[in-house]
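> quick one, structure for this:
(chains A and B)
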Number of protein chains: 2
Amino acid sequence: MTRINNNFLKLPGSYLFSTIGKKIREYEAAHPGKRVIRLGIGDVTQPIAPEIIGALHTAVDEMGRSETFKGYAPDLGYEFLRSVIAEKDYRARGCDISADEIFISDGAKCDCANIQEVFGTDNRIGVQDPVYPVYVDSNVIAGRTGLYDEKKGCFNDVIYMPCTRETGFAPVIPKERPDLIYLCFPNNPTGAVIKREELQSWVDYACENGSVILYDAAYEAYITEENVPHSIFECEGARECAIEFRSFSKTAGFTGLRLGFTVIPRSLKAEGVSIWELWARRHGTMYNGAPYIVQRAGEAVYSEAGRKQVREQIAWYMENAGIISEGLKEAGFTVYGGVNAPYIWLKTPKNMTSWEFFDALLERANVAGTPGSGFGPHGENYFRLTAFGGRENTIEAVERIKKAF
Amino acid sequence: MTRINNNFLKLPGSYLFSTIGKKIREYEAAHPGKRVIRLGIGDVTQPIAPEIIGALHTAVDEMGRSETFKGYAPDLGYEFLRSVIAEKDYRARGCDISADEIFISDGAKCDCANIQEVFGTDNRIGVQDPVYPVYVDSNVIAGRTGLYDEKKGCFNDVIYMPCTRETGFAPVIPKERPDLIYLCFPNNPTGAVIKREELQSWVDYACENGSVILYDAAYEAYITEENVPHSIFECEGARECAIEFRSFSKTAGFTGLRLGFTVIPRSLKAEGVSIWELWARRHGTMYNGAPYIVQRAGEAVYSEAGRKQVREQIAWYMENAGIISEGLKEAGFTVYGGVNAPYIWLKTPKNMTSWEFFDALLERANVAGTPGSGFGPHGENYFRLTAFGGRENTIEAVERIKKAF
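Below you'll find the model as predicted:
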C-alpha cells in the first residue's frame, strides 16, 4: 500500500500567501461593493520595461524560425546570461564569481525550496525569525524538522534566530549550532539589512563551524544605503561556506515571467564533496531550464537601457514605500523597513495579534496586508505592507488606514 | 558540520543526456572536420508554429502594459489553460477530469521528478525497464532505493519490470508488489504502446493492491493506431489510483519554452489523505508557476489553427521515423518503435553493447544516438534513435549508417 510523506501533515494549513488570497476572495464575495487594495503578497504591478519587452519579441521571433529555433537550454542556463550576471552582479562589485558558478532557474522560490535536497536530512537548520516561510516549509516537507508547536508557533528541531526591535531585526549567532543557516537580506518581511562587517562575522562563524549559509539576496536591487553588502560574496571566505539566491522578480518585475539564479562557488564543499557537483546533478536530473525567451529577457535587464528602466521602476516602488512609511507614522504607527527594501514592517496597534490586525484592516479599511506571525513566531504583533501597489492605490490605502485607526 | 545527501553518491556518473552531450562535444573537438548528426537527445528541431508565435507576441505585449500586466500566476495555473486542457484532452475523450484537477507546470520532467516527494520514502517503486531515467534517479536522490549494482546495471530495492522483445516491450505485473508504479506510454525509449485492456489490467491491479500508478503520457500526441489509450483516465477506476503527466515539449515543440501539466484526480487517496491536497501544497510552497506568456502559448496549441499546425509537425516527425525505420531495416537492422512514438529502438548488430555501438556509430558514421543501457539493464544491446532531426539530416544519417554497417 502506498504511504504518503507524513511530513506534509506537519505543515499547518495552506501556504501563507494562498491562505491570504483565499481570505481576500471570501471577503470580496461577501461584500460585493467594497474594493480591497492588496498590499499583501509581494507581487509587482508595473509592466515589464520596454527594453525587456523588445528582447522578448526578438526572442519569440527566433523561436518561430528554423535557423534560430532553440530547444532544451544548456543544463546551467545560457552562457550569454550567466556571463553577464557574473560580470555585472559580481565581478563589478569585486566578487570572485565566474559564469560557470551561476545556475539559471525559473525563480528563487524554487531554488530556495529545492536546495535542501542536496543536504542530508540530519542537518539542523537555523532561520531568521520572522522570515520568508519557504525555507522552513521546504525543510518540514523534507523531514528535517520536528512537529509544529501550536503554542509557540514554531517547529521543533529548528533553530529560530529572533530578529526583534531590540536586535535591529538582525539575528544573533545562536547558542545551538545550525548546519544550514538561512539568511535573507534585505529581509523579507522586516526590510532590515545587514552591514558588511556583521555579515562577515556570519561568514567567519560558518567557516569555523563547517556550516553552510544559504543567502537569499532577492531584494538586493532595493538597497539604497552605503556599507550594505549586495552579495555575501563581498565577504572574505564566503566562497568556502555560502550559496546565494537571486531573483529577477522584484529587480525587474519578473514575477509572471519567472527567472532567478543560484550561485554556488566551486570551492564550496561539505564532507569533502563539491556542492556545485550535487546541485549540477540535481539541475540536470530533475529540472529542464528556464525558457530561452525569458533568459533573453533577463539578459536585457543588464543592457544600458534595460538597467536604467528597471532602476526607475525600483525608485518608483521605493517612493511608494516612503508614502506608506510617512503616512503610517503620521497615523501613530511604529514603522520599520522601507529604506533598503520594498517592505514596511509595522507594529500592530494596541498589541493586536497579527491576524486580528489583518481582519481589522481588511474590514475597516479594505486593505489587505500580511500578518507578521505568518513569517515566524517573532513576527507576532507585527504586520507587513508592500510598496508594490500602484501609486493611487498606495495613497488611498494610507488614507483609509489613517481614517480607520 | 553540514552533511550532504549521500544518496546523490549512489548515482553513477552524470545524467545520461549530459554524458552523451559531453561525449559528442569531445569527439567534435578532436575531429574538427567532421559534422556529427544528433539523433540522440529527444529534442525537437521544428520552429514553434505560427499560431503559437502569434499568441506569444500578444502575451508579451500584455506584459508591457499596466492594464494587462500579469504578476504571479494562480497556484494551479491559469484557468484559461486548465479548462481547455480538461475539455479537449480529457472530456472530449470521455475522461472524467475537471479543470481543477490539472496542475500547470514548466514541464513533465520536473513533475515526474518531484511527484515522489508527496510519498513516503518507505514506498517501493516499480519501473519499466528500459525507461526514461528520471523516474529512478529522482527516487535514488530521495533515498527510496539501495545502492547501484554495477554488475547488474540497476539499483537495489527497485522493482525493474523487464520490457523485452519477448513481451512486446510491455511490462508484466511483477511478483513483488510495487507501491508506486511508473508507466510510460508511448514508451521512451522503446516506442512501444499499451492496449486499452492491458492498461485496464494495471489499473485494476493498482486499485486492488493500493498502489499508485504514475503515468507518463508525454508522447500521447504521436499515437497513430486505434485501441491505444491516450490517457490512463480512459480506464475505469483510474481516478482512484493514477496520476498522469503530460508535456507540450514533443506535442508542440516546447522543449525550449517549458510547459507541461500533471493530472491528479480529487478522488486519489493514500492512507486516507488526498494526494491532490499534498501536491497542491507542494505546488504552492516550492513552485511559482509557469510564465504567463508560455501558458498563453499553451492555450494556442488547442485553437483550431494551432492544433492543425502542431499536427502537421508531428506528422512530419513521424515521416522521419519512417525513413529511419525503413532505412535501418534495409541495412539489416532489427528495428522496433517509430509507429506511435518518435523513437526508433534498434537491436545493436553483432551483440555489441549499447555503449560500444554508441562509439562505433559516432566514429564510423558521425551519428549520435542514445545507448539503450542508459535506460535500464534491459536496454543493453539496444539503441535509441529519434525522429526529431531535420529531414536532410535524418536522410543523411540513415545513408551514413547504411554505409558504415
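
> now do the contacts for the nearest residue to A:I232 once chain neighbours are set aside.
Computed as C-beta to C-beta, 6 or more residues apart in numbering or on different chains, the closest residue to A:I232 that is not its neighbour in sequence is A:Y215, at 4.2 Å. Where C-beta positions appear, they are placed from N, C-alpha and C, glycine not excepted. Taking C-beta atoms under 8 Å, 6 or more residues apart in numbering or on different chains, we find A:Y215 in contact with A:183-185, A:231-232, A:242-245.

> ok, now with 6 Å
A:183, A:232, A:242, A:244 (C-beta atoms under 6 Å, 6 or more residues apart in numbering or on different chains).

> can you count the residues close to A:V172?
Neighbours of A:V172 under the rule other C-beta atoms under 10 Å in any protein chain shown: 11.

> kindly report the same for A:R93.
Neighbours of A:R93 (other C-beta under 10 Å): 13.

> how much space is there between it and A:V228?
Per C-beta to C-beta, to the nearest Å, A:R93 is found 12 Å from A:V228.

> re earlier: nearest to chain B, of the contacts of A:Y215?
A:A242 (11.6 Å; C-beta to the nearest C-beta).

> the closest one: neighbour count?
The burial count for A:A242: 27, using other C-beta under 10 Å.

> next, the buried residues of the longest helix that chain A contains.
In chain A, assigned by DSSP state H, the helix with the most residues is helix A:304-330. Across helix A:304-330, burial judged by 16 or more other C-beta atoms under 10 Å in any protein chain shown covers A:306-307, A:309-310, A:313-314, A:317-318, A:320-321, A:323-325, A:327-328.

> okay, and which of the contacts of A:Y215 map to helices?
With helices defined by DSSP H, no entry of the contacts of A:Y215 lies inside them.

> of those residues, closest to A:F103?
Nearest to A:F103 out of the contacts of A:Y215 is A:E244 (C-beta to C-beta; 10.8 Å).

> the closest one and B:D216, how far apart?
With C-beta to C-beta as the criterion, A:E244 and B:D216 are 34 Å apart.

> ok, now A:V335?
Relative to B:D216, and taking C-beta to C-beta, A:V335 is found at 52 Å.

> so these two - more neighbours on which side?
B:D216 (28 against 18).

> I'd say that one and B:F245 touch.
Yes - B:D216 is within contact range of B:F245, at 4.8 Å (criterion: C-beta atoms under 6 Å).

> tell me the mean pLDDT over stretch A:130-141?
The average of the pLDDT scores along stretch A:130-141 is 96.

> no no, stretch A:196-215
In the prediction, stretch A:196-215 has an average pLDDT of 98.

> do you know the pLDDT at the residue nearest the centre of chain A?
Residue closest to the mean C-alpha point of chain A, counted by C-alpha atoms, centre = their mean, is A:A218 at 4.9 Å. Looking at A:A218, its pLDDT reads 97.

> also A:E234?
On the pLDDT scale, A:E234 gets 98.

> is the nearest residue to it once chain neighbours are set aside in a helix, a strand, or coil?
Closest residue to A:E234 apart from its sequence neighbours, by C-beta to C-beta, 6+ apart: A:C95 at 5.9 Å. Per DSSP: H, G, I helix; E, B strand; the rest coil, the local secondary structure of A:C95 is coil.

> who does the longest helix of chain A touch, helix- and strand-wise?
helix A:50-63, strand A:335-337, strand A:343-347, helix A:391-404 (3 or more C-beta pairs under 6 Å, 6 or more residues apart in numbering or on different chains; DSSP states H and E).

> what is the mean pLDDT for that helix?
Helix A:304-330 comes out at a mean pLDDT of 97.

> ok, now stretch A:107-116?
When pLDDT is averaged over stretch A:107-116, the result is 98.

> what comes into contact with that stretch?
With C-beta under 6 Å, 6+ apart, stretch A:107-116 has contacts from A:105, A:134, A:138-139, A:142, A:218, A:245, A:247, A:258, A:260, A:262, B:286-288.

> for stretch A:252-262, same thing?
So stretch A:252-262 is contacted by A:43-44, A:46, A:48, A:102-108, A:111, A:245-249, A:290, A:294, A:298, A:301, A:310, B:70-72, B:291-292 (C-beta under 6 Å, 6+ apart).

> do the same with stretch A:67-85
Under C-beta under 6 Å, 6+ apart, the answer for stretch A:67-85 is A:62-63, A:99, A:102-104, A:283-284, A:289, A:292, A:295, A:298-299, A:302, B:43-44, B:47, B:255-256.

> that one: which residues count as buried?
For stretch A:67-85, by 16+ other C-beta under 10 Å, it's A:69-73, A:75-78, A:81-82, A:84-85.

> okay but the residue nearest to the centre of chain A is in contact with A:S247, surely?
Yes - if you go by C-beta under 6 Å, A:A218 and A:S247 touch, sitting 4.2 Å apart.

> quick check: phi and psi at A:H283.
phi -60, psi -50 (degrees, to the nearest 10).

> stretch A:16-36 - what's its average pLDDT?
Rounded mean pLDDT across stretch A:16-36 is 91.

> does it reach chain B?
Yes - using C-beta under 6 Å from any C-beta of the partner chain, we find that stretch A:16-36 touches chain B at A:S18.

> pull the distance from that stretch to the chain's centre.
Here stretch A:16-36 is found 24 Å from its chain centre; the criterion is C-alpha atoms, centre = their mean, to the nearest Å.

> got it, and stretch A:128-135?
Distance, stretch centre to chain centre, for stretch A:128-135: 9 Å (C-alpha atoms, centre = their mean).
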